[in-house]
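In: one predicted model, sequence on top.
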Amino acid sequence: MSNTEQYRPLERGTVIANKYEIEKYLGESLIGPTYVVRHQESHKLIAIKFIRQEYATVQDLDRVRELIRQAKRVNHKNVVRYGKVGEYQGMVFFTQEYFPSKNLRQEMLDKEARNENFSIADVVEIASEVLQALSAIHSSEIYHTNLKPENILIRYKTQDHGAKVFREIKITDIMTAMIIGDENIKPSPYRSPECWDNGLSYRGPQSDVYSIGQVLYELLIGKPARGTYFAPTQLRDDLNDRIDGIIEIALSPSPQDRYASPQIMLDQIRTYFSEEFLQAFAAQENSKVPLYVGGGIVASIAIFGMILLGGQESELELALEYDSVLRKEVTKEAESQAPGKSQFAELQAKHADSGMVFIPEGPALIGSLKQEFEYVIGVKQSGQKDHVRKTSDRTWATRGDDAAHKVPVKGFYIDRFEWNNPTVIDPDFPQQPTTQVTYVNAQNLCDSVHKRLCTETEWEKACKGWENNIFSYGDSYDDNHCLVNGEYVFSSDKDCYSSYGVFGMNAGPREWTDSDAKGKNNEVIIKGGGYKIKDEKTQRCSSTSSMKADWADANLSFRCCLDAE
């Protein structure tokens, strides 16, 4: 097929690559012409897409094969599956699952023609399914960057002679931007600003969060948000204002201010689900909830409306619920990946002689929890009950640009104490950590004992413990924590250890890590604190600051780490 003929549809019955017989021409997609074909051996219908020669030629076969190979690792019910790559008459093509359906744009136009809104149940189900699909592709380091109603596919299936109707949703074109190049995709309301305004300076999960935020807004209001947009509740009176906050975060101009992942956005939505719905949702993960039964909306789906309607929880209660969802998910996954008791004990003993603690492989919540952004956490003082007080400064979290998100962490060892990491604690001769060390001093001292400095993520995981606490000792701040007679020293005080068994991560001196501070020349991330400055904000496990690599002071120490291997 020559370059001048590439847009001329092939005739029905044409056989491609000796095995795909064309059944129907579907039209032009962004990447090129698309057909339904029948595999001549299996007789199965599949889709085949040709790539315009301006985007890929036969010389690009290996590159396209590698991209499709990456896409084939995604196996999720809400994502169209990819198949094989080939060449026909000078054009590169690939096959994919054939999913007879209509797209969300067509569904929107149908609603508009009937002068109808999408119900709350419809909006939440569609958004939830798409967010699950995005989480699946992101786990394979694929970012759509061009998600829009046109590539969200919807198909309805019936059971019991039409008495039950099910909606199936899949996203498609997950590799288009990577195959043809982001620069070949025109700006649209659904593409995040960084994907076209700033020369593609960023490609990551937050770009797709922006896109689904626009789709969610359009489902609710009937058009995407542009410029200074109205909040959904200003244009539709059957919504609760909680949805305004979800939209505002998803559509933040800066990627750092959006949800860090689709999963976190989905968890935020699920925060407002009733317990009954959560149970129903978990039970229905692999089979669609019926939309209608005998003409009536099923009760479990009707509960969708509770997300955006009604409810009088305080902001604190909602923040705590949101954090609880995240913590339960991450803790459950971490426990499932942890080694058995005998193996764990063996790993713990391996470097115990050098004063190290084993931290098992598994996810951790890295960054600030919701309650940390919105509230000053409870203060625990003598004779005073734990409490939470609201702060007038809603941005007090020093790590305010990084919301808590799940991060996979490989197993590692970390010093139980700061340097010089004593293996025996003598109460008659209390010791303090070594301070006045620069970053290079710390590197060299760790290297001298065949260890290394810890990364920022390792340090934070060790601090938060199994429970992903705000402080190493829990969620309530204690300004006398870890002090013996008003002084910080290495001790056997069990309250001064995280649940992993690491000492003094919120009460000792600040500590060097081996992570560079992004955007700050020659500065390195430091963590912890409280030795000289008793401050609730900076003692949190998520708190992060930085110093020049040649800096040293009496409130700056370090501890070492070691790979589990």
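Out: Now that the structure is in, tell me what you want to look at.
In: what are the boundaries of the helices in the stretch 201-350 of the chain?
Out: Applying DSSP state H, counting those that start in this stretch to the stretch 201-350 of the chain gives helices spanning 205-221, 232-235, 242-250, 262-270, 275-283, 299-302, 315-337, 341-350.
In: residue 62: how many residues sit nearby?
Out: 9 (other CB atoms under 10 Å). Every C-beta, even on glycine, is put in place using the N, C-alpha and C of the backbone.
In: pLDDT wise, what is it at?
Out: Residue 62 is assigned 93 on the pLDDT scale.
In: likewise the one 10 residues further on?
Out: Listed pLDDT for residue 72 reads 93.
In: skipping its backbone neighbours, what lies nearest it in space?
Out: residue 82 (5.2 Å; CB to CB, 6 or more residues apart in numbering).
In: what sits opposite the one you found in the beta ladder?
Out: Counting by DSSP bridges, residue 82 is bridged to residue 96.
In: ok, it - contacts?
Out: Contact analysis of residue 82 by CB atoms under 8 Å, 6 or more residues apart in numbering lists 68, 71, 72, 74, 94, 95, 96, 97, 175.
In: max pairwise distance over these: which two?
Out: Within those, 74 and 95 form the most distant pair, 15.1 Å apart (CB to CB).
In: neighbour count: those two, which is higher?
Out: A direct count of neighbours by other CB under 10 Å for residue 74 and residue 95 places residue 95 higher, at 22 against 19.
In: who's in contact with that one?
Out: Contacts of residue 95 by CB under 8 Å, 6+ apart are 20, 37, 46, 47, 48, 49, 82, 83, 84, 86.
In: so the residue nearest to residue 72 versus residue 223, what's the distance?
Out: Relative to residue 223, residue 82 is positioned 32 Å away (CB to CB, to the nearest Å).
In: got it, and residue 263?
Out: From residue 263 to residue 223 the distance is 27 Å (CB to CB).
In: those two - which one has more neighbours?
Out: Neighbour tally, residue 263 and residue 223, criterion other CB under 10 Å: the higher count belongs to residue 263, 21 against 13.
In: quick check: that one touching residue 406?
Out: Yes: between residue 263 and residue 406 there is a contact under CB atoms under 8 Å: 6.9 Å.
In: mind checking what secondary structure the nearest residue to residue 139 once chain neighbours are set aside has?
Out: Distance criterion CB to CB, 6+ apart; nearest residue to residue 139, sequence neighbours excluded, is residue 74 at 7.9 Å. Three-state call for residue 74 (DSSP: H, G, I helix; E, B strand; the rest coil): coil.
In: what about the strands in the stretch 1-150 of the chain?
Out: For the stretch 1-150 of the chain, the strands defined by DSSP state E, counting those that start in this stretch cover 15-16, 20-28, 33-39, 45-51, 82-88, 91-97, 102-103.
In: what about the stretch 301-450 of the chain, any weak spots by pLDDT?
Out: Low-confidence regions of the stretch 301-450 of the chain, defined here as pLDDT under 70, cover residues 301-318, 373-401.
In: what of the chain?
Out: Applying pLDDT under 70 to the chain flags the ranges 1-7, 159-164, 197-202, 271-318, 373-401, 531-534.
In: which SS class is the residue of it most remote from its centre?
Out: Computed with CA atoms, centre = their mean, the residue of the chain farthest from its C-alpha average is residue 428, at 48.4 Å. Classification of residue 428 using three-state DSSP returns coil.
In: per-domain residue ranges of the protein.
Out: Listed by automatic domain parsing, the domain ranges of the chain are 3-97, 102-312, 338-563.
In: could those be laid out in JSON lines, adding distance to residue 328?
Out: Below are those laid out as JSON lines (distance: least, CB to CB, whole Å):
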{"stretch": "domain 3-97", "distance to residue 328": "22"}
{"stretch": "domain 102-312", "distance to residue 328": "10"}
{"stretch": "domain 338-563", "distance to residue 328": "10"}
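In: which of these sits closest to residue 330?
Out: domain 338-563 (5.1 Å).
In: just the CA atoms of the host helix or strand of residue 458, as CSV, please.
Out: Using DSSP states H and E, residue 458 sits in helix 456-464. Below are the C-alpha coordinates for helix 456-464, written out as CSV (Å, rounded to 0.1, in the frame of the first residue of the first chain):
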residue,chain,number,x,y,z
GLU,A,456,14.3,9.1,51.2
THR,A,457,11.7,6.4,50.5
GLU,A,458,13.5,3.7,52.6
TRP,A,459,13.8,6.1,55.5
GLU,A,460,10.1,7.0,55.3
LYS,A,461,8.9,3.4,55.1
ALA,A,462,11.1,2.4,58.1
CYS,A,463,9.6,5.4,60.1
LYS,A,464,6.0,4.7,59.3
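In: returning to that earlier point: and of the strands of the stretch 1-150 of the chain, who's closest to residue 140?
Out: Closest among the strands of the stretch 1-150 of the chain, using CB to CB: strand 82-88, at 11.2 Å.
In: and the direction of that closest one versus that of strand 45-51, what angle?
Out: Orientation check (axes from the mean of the first three to the mean of the last three CA atoms, to 10 degrees): strand 82-88 against strand 45-51 gives 50 degrees.
In: residue 455: neighbour count?
Out: 16.
In: renumber starting at 50 from here on
Out: All right, first residue 50 from here; so that's residue 504.
In: relative to residue 549, how far out is it?
Out: Residue 504 sits 16 Å away from residue 549, going by CB to CB.
In: next one: stretch 596-612 to chain centre, how far?
Out: In terms of CA atoms, centre = their mean, to the nearest Å, the centre of stretch 596-612 is found 30 Å from the chain centre.
In: and that stretch, how far apart are its ends?
Out: End-to-end distance for stretch 596-612, by CA to CA, to the nearest Å: 25 Å.
In: buried residues, it. List them.
Out: Neighbour counts over stretch 596-612 (16 or more other CB atoms under 10 Å) mark 596, 598, 601, 604, 605, 606, 607, 608, 609, 610, 611 as buried.
In: tell me the one of those residues nearest residue 466?
Out: Among those, and counting by CB to CB, the member closest to residue 466 is residue 608, at 6.9 Å.
In: still on that earlier bit, which one of the helices of the stretch 250-399 of the chain is the most hemmed in?
Out: helix 254-270 (a mean of 25; mean count of other CB atoms under 10 Å).
In: what angle sits between that one and helix 311-319?
Out: Using the same axes, to 10 degrees: helix 254-270 against helix 311-319 is 30 degrees.
In: report the angle between helix 254-270 and helix 291-299.
Out: When the same axes, to 10 degrees is applied, the directions of helix 254-270 and helix 291-299 differ by 150 degrees.
In: who does helix 254-270 touch, helix- and strand-wise?
Out: helix 153-162, helix 169-187, helix 281-284, helix 291-299, helix 311-319 (3 or more CB pairs under 8 Å, 6 or more residues apart in numbering; DSSP states H and E).
In: CA atoms only for that helix, dumped as PDB, please.
Out: What follows is helix 254-270, C-alpha atoms only, in PDB (Å, rounded to 0.1, in the frame of the first residue of the first chain):
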ATOM      1  CA  PRO A 254       0.000   9.200  36.100                       C
ATOM      2  CA  GLN A 255      -1.200  12.700  36.900                       C
ATOM      3  CA  SER A 256      -1.600  13.400  33.200                       C
ATOM      4  CA  ASP A 257      -4.200  10.700  33.000                       C
ATOM      5  CA  VAL A 258      -5.800  11.900  36.300                       C
ATOM      6  CA  TYR A 259      -6.400  15.200  34.600                       C
ATOM      7  CA  SER A 260      -8.100  13.500  31.600                       C
ATOM      8  CA  ILE A 261     -10.500  11.500  33.700                       C
ATOM      9  CA  GLY A 262     -11.200  14.600  35.700                       C
ATOM     10  CA  GLN A 263     -12.400  16.300  32.500                       C
ATOM     11  CA  VAL A 264     -14.400  13.300  31.500                       C
ATOM     12  CA  LEU A 265     -16.000  13.200  35.000                       C
ATOM     13  CA  TYR A 266     -16.800  16.900  34.800                       C
ATOM     14  CA  GLU A 267     -18.400  16.500  31.300                       C
ATOM     15  CA  LEU A 268     -20.500  13.500  32.500                       C
ATOM     16  CA  LEU A 269     -21.900  15.700  35.200                       C
ATOM     17  CA  ILE A 270     -22.200  19.000  33.400                       C
END
